[in-house]
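**Student:** sequence first, then the predicted structure, then my questions.
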Amino acid sequence: MTVKLKCLSHTPLRGLNDPGAAVVAEVDAALAKARAEVEAFDPELIVIFAPDHYNGLFYDLMPPFVIATAAESVGDYLTQPGPLSVAKDLALELTRHVLDSDVDIALSHRLQVDHGCTQTLEELTGSIDRYPVIPIIINSVAPPFAPYRRVRKLGEAVGRFIAKLDKRVLILGTGGLSHEPPVPLLADAPEAISEFLIAGRNPTPEARAARQARTIAAGKIYGTAESLQTPLNADWDLAFIDLLVQGRLDEIDEFKIEEISKAAGRSAHEVRTWVAAFAALAATGAYSARQDYYRAINEWIAGYGVVSAEQN
Ligand SMILES: O=C(O)CCC(=O)/C=C/C=C(\O)C(=O)O
Ligand SMILES: [Fe+2]
């Protein structure tokens, strides 16, 4: 087994509310480098930890963690629609392994995934179906959340499974860092919003366009006095990246959900995917990591980072 890791932010607003050309070029260069590294590694399997933003998972049955044996991209926010190349049998084997490791996880034989999963796949591999993949969705957007220590345990269980495979495996984490897009909350939601959050699967094109328009409008004022959303927090982001790079993963068990929401925004919990990814890598052996890129980008509502790691 050979394992490499990449964790990066995603943004619904790429191509819809871009920052200046210089920043876009800087991010494009960071992604091109990451993509070239993936191409050279030529993974035989990708394990991707990703969030969902009320496209595949709703409060009619909201699992903390899900492994998919089949997944279809909904194609939101300019991402590619259609099926992913899910490694079905391995995904099922992984599910058994995780359950046997005393971590409860849900299983889906037909999961819809959104830009939170597919944007990173496209950016790093050129498409959503280039390599065999196992999608693992970690609830990062729909409270209540499993504690961070539990996310680390999930990652460790997945890592022990990867360690037994005779394959080149790329572990991906996608989301974060600090940010707060206008994702509605169930608590105190008006009837129409709560109905959507509970059972809003397969929205009409008009409903999807309205969602996207709201996010674009939020991006236009994010980081200004006009915005009601928690702003980006570069200090928090860089401290979190340092913790991962320095291998201080045990400190994550003490992370407090409410404190993170206040300091870095409600969607900063997407870093749970990075936590699981690093815990998985660490379970395969000692690692070296580096920060490839970081910039707080208000137009994209994203503390935007790219981090790489590999076994020593
Ligand atoms: O219904 C919607 O589209 C709500 C907005 C939304 O899903 C935004 C997602 C934002 C991110 O993925 C992000 O900033 O990480
Ligand atoms: Fe997201």
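**Tutor:** Received the coordinates, thanks. Ligands and ions are numbered 1, 2, ... in the order given.
**Student:** would you pull up the residue in the stretch 1-150 of the chain closest to ligand 2?
**Tutor:** Nearest to ligand 2 in the stretch 1-150 of the chain, going by CB to the ion, is residue 116, at a distance of 4.6 Å. For every residue, glycine as well, the C-beta is placed using N, CA and C.
**Student:** which element is residue 209 on?
**Tutor:** Using DSSP states H and E, residue 209 sits within helix 205-221.
**Student:** that helix and ligand 2, are they touching?
**Tutor:** No: Helix 205-221 is not in contact with ligand 2 by CB under 5 Å from the ion; minimum separation 10.2 Å.
**Student:** who's in contact with that helix?
**Tutor:** Outside helix 205-221, the residues that touch it by CB atoms under 8 Å, 6 or more residues apart in numbering are 12-13, 16-17, 76-77, 181-182, 196, 200, 203, 227, 229, 298-301.
**Student:** quick one: contacts for whichever residue of the stretch 1-150 of the chain sits closest to ligand 1?
**Tutor:** Across the stretch 1-150 of the chain, no residue is closer to ligand 1 than residue 53, which sits at 3.4 Å (CB to the nearest ligand atom). With contact taken as CB under 8 Å, 6+ apart, residue 53 is in contact with 12, 114, 115, 116, 141, 183.
**Student:** ok, now residue 203?
**Tutor:** Contacts of residue 203 (CB under 8 Å, 6+ apart): 196, 211.
**Student:** make it 10 Å
**Tutor:** Residues near residue 203 by CB atoms under 10 Å, 6 or more residues apart in numbering: 54, 55, 74, 76, 196, 209, 210, 211.
**Student:** likewise for residue 186?
**Tutor:** 59, 62, 142, 143, 193, 194, 196, 197, 198.
**Student:** I'd say the third one and residue 59 touch.
**Tutor:** Yes: in this structure, residue 142 is within contact of residue 59 by CB atoms under 10 Å, at 6.6 Å.
**Student:** those two: which is more packed in?
**Tutor:** The neighbour count for residue 142 versus residue 59, taken as other CB atoms under 10 Å, is higher for residue 142 (22 against 14).
**Student:** and that one, what pLDDT?
**Tutor:** Residue 142 is assigned 98 on the pLDDT scale.
**Student:** same thing with residue 70?
**Tutor:** In the predicted model, residue 70 carries a pLDDT score of 98.
**Student:** for it, give me its contacts.
**Tutor:** 83, 84, 86, 88, 91, 108, 109, 110, 111, 135.
**Student:** hmm, try it at 7 Å
**Tutor:** With contact taken as CB atoms under 7 Å, 6 or more residues apart in numbering, residue 70 is in contact with 86, 88, 109, 110, 111.
**Student:** before we move on, what about residue 81?
**Tutor:** For residue 81, the contacting residues are 73, 74, 75, by CB under 7 Å, 6+ apart.
**Student:** of those - the most surrounded one?
**Tutor:** For the contacts of residue 81, the largest number of neighbours (other CB under 10 Å) sits with residue 73, at 24 neighbours.
**Student:** if that residue is in a bridge, with which residues?
**Tutor:** Note on residue 73: beta-bridge partners by DSSP bridges are residue 82, residue 113.
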